[in-house]
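> predicted coordinates and the sequence they were generated for:
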Amino acid sequence: MKTSPDSSVHDLDAGDGPARRRPRRLRDVSPTRRGLVLAWWAFTVTFGGLRLLTWLIHVNASGVGNVSAGGVHIHHYVWGILLLMIVGACGLVERSPRWHLWMGLAYGVGMALVIDETANLIDLKDVYWDKAGWTSIAAALLIIAVAGSLLALTHRDRETSKKVS
């Protein structure tokens, strides 16, 4: 492996082909792909945070409680759906690379809010802490694994992209 003068990028030489450059920092990733990376990261962190927060609420250790309106518990998938609706509307109107960052983060958070309660949506009742609630965990872990793998395995360097287009 050769190191380029820019310490943030490493050249990987396969031998007979041209050297590939791998991004080492988020700013080295193309703006469109950066939004996808941030969505994956936000999903992963939000899902873990939600599980921790809901467990703390469940065992009455956090000092916070569920969100309710008129005595009705509002599940966090509602906030996720609203957030995904906002991101979708913004995506229809705004295409700038700067917005890809914010929309990627918001999309990941919204997805985590919804996927964390997948079992509730499938059963149409609160099964979050029941055996059926593991469906949500399995779905989230599958999304984290598949999306992370696709992001890692489908890397296209900028120089190759510029030559192709």
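Right, received. Where do you want to start?

> relative to G148, how far out is the spatially most central residue of the chain?
What sits nearest the mean C-alpha location of the chain, by Cα atoms, centre = their mean, is W40, with 2.6 Å. Remark: distance between W40 and G148 (Cβ to Cβ, to the nearest Å) = 6 Å. C-beta here means a position set from N, CA and C on the backbone, and glycine is covered the same way.

> now do the same contact list for the residue nearest to the centre of the chain.
Applying Cβ atoms under 8 Å, 6 or more residues apart in numbering to W40 gives the contacts G108, I144, A147, G148, L151.

> and what of L105?
Going by Cβ under 8 Å, 6+ apart, L105 touches L38, A39, A42.

> need those in TSV (columns: distance to I86).
Compiled in TSV, the contacts of L105 are given as follows (distance: Cβ to Cβ, whole Å):
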residue	distance to I86
L38	16
A39	14
A42	14
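
> and which of these is nearest W99?
W99 lies nearest to L38 out of those, by Cβ to Cβ, at 11.7 Å.

> what about that closest one, neighbour count?
Around L38 there are 21 other residues, counting by other Cβ atoms under 10 Å.

> quick check: it is in a strand.
No: under DSSP: H, G, I helix; E, B strand; the rest coil, L38 sits outside any strand and is assigned helix.

> now it, nearest residue through space, not along the chain?
Closest residue to L38 apart from its sequence neighbours, by Cβ to Cβ, 6 or more residues apart in numbering: G104 at 3.8 Å.

> circling back to that earlier point, buried subset of the contacts of W40?
Listed as buried from the contacts of W40 are G108, I144, A147, L151; burial here means 16 or more other Cβ atoms under 10 Å.

> where's the residue nearest to the first one when sequence neighbours are not counted, which helix or strand?
Nearest-residue entry for G108: A42, 2.8 Å, with adjacent residues in sequence omitted and distances by Cβ to Cβ, 6+ apart. Using DSSP states H and E, the secondary-structure element containing A42 is helix 31-58.

> that helix: how far from the chain's middle?
Distance of helix 31-58 from the chain centroid (Cα atoms, centre = their mean, to the nearest Å) equals 6 Å.
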